[in-house]
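A.B. asks: Need the 3D shape of this:
(2 chains)
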Amino acid sequence: MVQVLPSNFVKIDFCSYSMSLIMNLVCRLRIHLDPDYFELHMCKCPGETGSGKTTQIPQYLYEAGIGRQGIIAVTQPRRVAAISLATRVSNEKKTELGKLVGYTVRFEDLSSEETRIKFLTDGMLLREAIGDPLLRKYSVIILDEAHERTIHTDVLFGVVKAALRKRKDLGKFPLKVVIMSATMDVDQFSQYFNRAPVLYLEGRQHPIQIFYTKQPQSDYLQAALVSVFQIHQEAPSSQDILVFLTGQEEIEAMTKTCRDIAKHLPDGCPQMAVMPLYASLPYSQQLRVFQPAPKGYRKVILSTNIAETSITIAGIKYVVDTGMVKAKKYSPESGLEVLAVQRVSKAQAWQRTGRAGPEDSGVCYRLYTEDEFEKFDKMTIPEIQRCNLASVMLQLLALRIPNVLTFDFMSKPSPDAIRAAIEQLDLLGAVDRKEAQVMLTPLGRKMAAFPLEPKFSKTILLSPKFHCTEEILTIVSLLSVDSILYNPPSRRDEVQSVRKKFISSEGDHLTLLNVYRAFRNVSGNKEWCRENFVNNRNMMLVSEVRAQLRDICLKLSLPIESSRSDTGNIRRCLAHSLFMNTAELQPDGTYATVDSNQLVAIHPSSVLFHCKPACVTYNELLHTNKCYMRDLCVVDADWLYDAAPDYFRRKLRAAKN
DNA sequence: GAGCACTGC
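C.D. replies: Model (predicted):
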């Protein structure tokens, strides 16, 4: 029998709440305009929050005749958003999608000569800018969801600002820029865009009651569990609960606990349908959260921050916010990415709160005290300050930015991070450094043509030398989508025995290649995927990525050969492009990286987990509980020395000192 | 010896 603990919450009445916090709850729309923008006669946007502004403003601009000189672009951080918004606006205009209103995302371009309002992902617009830094096709660029501060949006801020100025200087028809965001923090945007005027629009938001805990909670999982069952015993069963947790493992464990407890609830209590939700969950299981629960059942969704922005679930009445999130940080000194559980920012907490009652009033339980909340960071640190910048720097160079070291970022990354990125590009042969200038090499320009991390572009460009471009294209494609291997924890033994036939003692790259070859041999048979615990959807994506990369190779006139059964050449090619990511076995059985002598371990997901090869290259280092190498390939130490003699001489000298 | 937040080109 489960004993539900007495309430450990203090109720905070919405009316007695501090004014500034209530202001936060009222969703506000902010539009920032370029100073020489024409006056907008439009102050109210109909519709729900998050939809009205994005669908109406492009149409108003079009009606005002702006679309005549060029296309009106609207960027979105996510593909699905770009596609669904384009569909809605074209419906409102009563036109066929792809004609007046269209969209462009990777692998899908539904736009034409006639298109005047175009929705695209921010990454797509950035890629277009490499072809034309002045963005001449466009009369207006609307950067939507700017408060999310994705790395692409942040780079676009600088790119459109430069394009705006240059077009003015050159006397071309002016570019208009509209930044749309849903934060209180508008000054920063306005300042950056030459004190552009700010337009505030009010949307609709139903009131949400907020509860804080009286005391700080030492165990947020326990607190979440108590809250869920407290709500469950009090609220009508039609009202669903959304709980924000940090990761897959935690969510699976909590799912099991909730289901166990729900079996032993007292009579008269509603039934409970507990559903996990995280990105790597198979699509079919993700869809379950959208279906209404059977009568008499309450839906309890245990989610990562995927439900914060990417997935919106109707019918949520209660949000339980643990105040924790798992997020990546990057330290340029060590080149290490650290994935750690940490506190959310205030902005993130408000975003979570807003997920309660988008269509009706809601309730949010915050599993921290109000004092604790006041100490949260105001905003989440923009992605551009938490990432390896190698890709961004390569793109800026390809955009012919005069000096990438002094690029006008709205939030500047640390000089260390920029230096580390340039260093990495230098090692890959993408840049030349002359005095204080950084120049793109011809190789670097080719690398920028691929939608990949620079090291993988380099791998492809090196592959003709080893006569294995077909295989490298496959391997790089496999690495650039989410895992194609499905590992349900409950069927681990089964998975292991089925997977045996694919495993290569030479490492993960060649194992993945084996899976792909087998998949091709059965022509992508779905049944085969199920039997072999292969994620069919991701595998189809691999084929699409591969076709795109192969296309780029053809455009660059790269000879595309197959090494057939010779895996040595494939490994040599990987050694030559990933030589800066290598580790050697130490006498005590541990591994140390060649680059910085960092103690590292083989990630449990690697096929080499139980092996001890003398020398390996890896795709990335990830620090969780330990510092792990992910995706390994067994290589010869001699190959590495051949690949970069200067680099290894330097490392050897450093080791002696 | 034992593990992986989320996007995107």
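
A.B. asks: Whichever residue of the stretch 351-500 of chain A sits closest to DNA strand B: what secondary structure?
C.D. replies: Relative to DNA strand B, the nearest point of the stretch 351-500 of chain A is A:P451 (3.1 Å; Cβ to the nearest atom of the strand). Heads up, the C-betas are built off the backbone N, CA and C, glycines and all. Here A:P451 is recorded as coil under DSSP: H, G, I helix; E, B strand; the rest coil.

A.B. asks: Now for it: which residues touch it?
C.D. replies: Counting by Cβ atoms under 8 Å, 6 or more residues apart in numbering, A:P451 touches A:106, A:127, A:548.

A.B. asks: Can you select the buried ones from these in ChimeraX?
C.D. replies: Burial among the contacts of A:P451 is assessed by 16 or more other Cβ atoms under 10 Å; the matching ChimeraX selection reads:
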select /A:127,548
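
A.B. asks: show me which of the contacts of A:P451 neighbour DNA strand B.
C.D. replies: Residues of these in contact with DNA strand B (Cβ under 7 Å from any atom of the strand): A:106, A:127.

A.B. asks: tell me which of the contacts of A:P451 is nearest to A:A398?
C.D. replies: A:R127 (9.7 Å; Cβ to Cβ).

A.B. asks: can you tell me the helix or strand for the closest one?
C.D. replies: Element membership for A:R127, per DSSP states H and E: helix A:122-131.

A.B. asks: After that helix, which helix or strand is next?
C.D. replies: Taking DSSP H and E, what comes next after helix A:122-131 is strand A:138-143.

A.B. asks: How far does that following strand sit from its chain's centre?
C.D. replies: Centroid separation for strand A:138-143 versus its chain: 23 Å, with Cα atoms, centre = their mean, to the nearest Å.

A.B. asks: list the helices and strands that strand packs on?
C.D. replies: With contacts taken as 3 or more Cβ pairs under 8 Å, 6 or more residues apart in numbering; DSSP states H and E, strand A:138-143 sits against helix A:52-63, strand A:71-76, helix A:151-169, strand A:176-181.

A.B. asks: Next, the angle from the helix holding A:R127 to strand A:138-143.
C.D. replies: Here the directions of helix A:122-131 and strand A:138-143 differ by 140 degrees (axes from the mean of the first three to the mean of the last three Cα atoms, to 10 degrees).

A.B. asks: Taking strand A:71-76 as reference, get the angle to helix A:122-131.
C.D. replies: Using the same axes, to 10 degrees: helix A:122-131 against strand A:71-76 is 130 degrees.

A.B. asks: buried sites along helix A:122-131?
C.D. replies: Buried residues in helix A:122-131 (16+ other Cβ under 10 Å): A:122-130.

A.B. asks: and what of stretch A:287-302?
C.D. replies: A:289, A:293, A:297-302.

A.B. asks: Then stretch A:72-89?
C.D. replies: So, applying 16+ other Cβ under 10 Å, buried residues of stretch A:72-89: A:72-79, A:81-83, A:85-86, A:88-89.

A.B. asks: ok, stretch A:112-123 near DNA strand B or not?
C.D. replies: Yes - applying Cβ under 7 Å from any atom of the strand, one finds stretch A:112-123 touching DNA strand B at A:121, A:123.

A.B. asks: Residues contacting that stretch, please?
C.D. replies: Applying Cβ under 8 Å, 6+ apart, the contact partners of stretch A:112-123 are A:58-59, A:62, A:67, A:71-79, A:82-83, A:85-86, A:89, A:98-106, A:111, A:128, A:143, A:150, A:152-153, A:156.

A.B. asks: how about the nearest residue to the residue of the stretch 101-250 of chain A at minimum distance from DNA strand B, chain neighbours excluded?
C.D. replies: Closest contact between the stretch 101-250 of chain A and DNA strand B, by Cβ to the nearest atom of the strand, is at A:G247 (2.7 Å). Computed as Cβ to Cβ, 6 or more residues apart in numbering, the closest residue to A:G247 that is not its neighbour in sequence is A:K326, at 5.0 Å.

A.B. asks: Next, the contact list for A:L125, please.
C.D. replies: A:73, A:75, A:135, A:141, A:152, A:156.

A.B. asks: In terms of helix, strand or coil, where does A:A655 fall?
C.D. replies: Strictly by three-state DSSP, A:A655 counts as helix.

A.B. asks: what about it, how many residues close to it?
C.D. replies: As a burial measure, A:A655 scores 9 neighbours (other Cβ atoms under 10 Å).

A.B. asks: pLDDT at it, what is it?
C.D. replies: With respect to pLDDT, A:A655 scores 75.

A.B. asks: thinking again about what came up before, nearest to A:G568, out of the helices and strands packed on strand A:138-143?
C.D. replies: Ranking the helices and strands packed on strand A:138-143 by distance to A:G568, with Cβ to Cβ as the measure, places helix A:151-169 first at 37.2 Å.

A.B. asks: helices or strands up against the closest one?
C.D. replies: By 3+ Cβ pairs under 8 Å, 6+ apart, helix A:151-169 packs against helix A:122-131, strand A:138-143, strand A:176-181, helix A:390-398.

A.B. asks: if we go to 10 Å?
C.D. replies: Contact analysis of helix A:151-169 by 3 or more Cβ pairs under 10 Å, 6 or more residues apart in numbering; DSSP states H and E lists strand A:71-76, helix A:122-131, strand A:138-143, strand A:176-181, helix A:187-192, helix A:390-398 as its packing neighbours.

A.B. asks: Next, format the ones you listed as TSV and append mean pLDDT.
C.D. replies: As requested, the helices and strands packed on helix A:151-169 are exported to TSV (pLDDT from 0 to 100):
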stretch	mean pLDDT
strand A:71-76	96
helix A:122-131	95
strand A:138-143	94
strand A:176-181	89
helix A:187-192	87
helix A:390-398	96
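
A.B. asks: Between these, which one is closest to A:K256.
C.D. replies: With Cβ to Cβ, the closest approach to A:K256 among the helices and strands packed on helix A:151-169 belongs to strand A:71-76: 36.2 Å.

A.B. asks: quick one: average confidence on the following helix or strand past the closest one?
C.D. replies: For strand A:71-76, the succeeding helix or strand toward the C-terminus, using DSSP H and E, is helix A:79-92. Mean pLDDT, computed over helix A:79-92, is 94.
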